[in-house]
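In: using only what follows, build the 3D model:
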Amino acid sequence: MAAWRAFLRAHAALTRALEAELLAEQDLPLASYDVLVQLAEAPGRRLRMTELADAVLLSRSGVTRLVDRLEKGGLVARCPVETDGRGVAARLTDAGLDRLRTASRTHLRGVATYFGDRLDDADLGVLERISRRLADQRP
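Out: This is a model prediction of the structure:
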């Protein structure tokens, strides 16, 4: 249980620090940044809403509300899924890609400061192996 609690505390501390920096410097919540990253990395810079929800670990209703806010800011646009008349996808706009590029400087600096700089290469290798093993588990 000590390892579990330490893992949870570390995750919460890192997430809080990264969120605070993104909000202070970019006025962008971490969840919004994550949506922009997922869309930027997707083919055609678009994902079905269900795929986006899975990628950012949010419920469908949670990702819908988040995309609503990003759409109002012109960072994301909704579009139909070409192969499914009922399906809806979120697409990263050019403005969204520009916003992501700017915000990524803050985020990557924070990841280096709060994470990468505190661990040596051996620690990072072990942590990556453990994290992959834990992520690959099926419920």
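
In: what's the longest strand in this protein?
Out: strand 84-92 (DSSP state E).

In: using PDB, write down the CA coordinates of it.
Out: Listed in PDB are the C-alpha atoms of strand 84-92, where the atom choice follows Å, rounded to 0.1, in the frame of the first residue of the first chain:
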ATOM      1  CA  ASP A  84     -20.900   7.000 -40.600                       C
ATOM      2  CA  GLY A  85     -23.800   9.300 -41.200                       C
ATOM      3  CA  ARG A  86     -24.500   9.600 -37.500                       C
ATOM      4  CA  GLY A  87     -21.000   9.800 -36.200                       C
ATOM      5  CA  VAL A  88     -19.400  13.000 -35.100                       C
ATOM      6  CA  ALA A  89     -15.700  13.700 -34.900                       C
ATOM      7  CA  ALA A  90     -13.600  16.500 -33.400                       C
ATOM      8  CA  ARG A  91     -11.000  18.100 -35.700                       C
ATOM      9  CA  LEU A  92      -8.100  20.300 -34.600                       C
END
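
In: quick one: residue 88 from residue 71, how far?
Out: Using CB to CB, to the nearest Å, we find residue 88 at a distance of 11 Å from residue 71. For every residue, glycine as well, the C-beta is placed using N, CA and C.

In: same thing with residue 119?
Out: Distance of residue 119 to residue 71, given as CB to CB: 38 Å.

In: by mean pLDDT, which helix or strand of this protein comes out lowest?
Out: Least confident helix or strand of the chain, by mean pLDDT, DSSP states H and E, is strand 84-92 with a mean of 85.

In: give me the buried positions along that strand.
Out: 89-92 (16 or more other CB atoms under 10 Å).

In: for the residues you listed, give me TSV that also has distance to residue 80.
Out: Listed next are those as TSV, based on distance: CB to CB, whole Å:
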residue	distance to residue 80
89	7
90	12
91	10
92	16
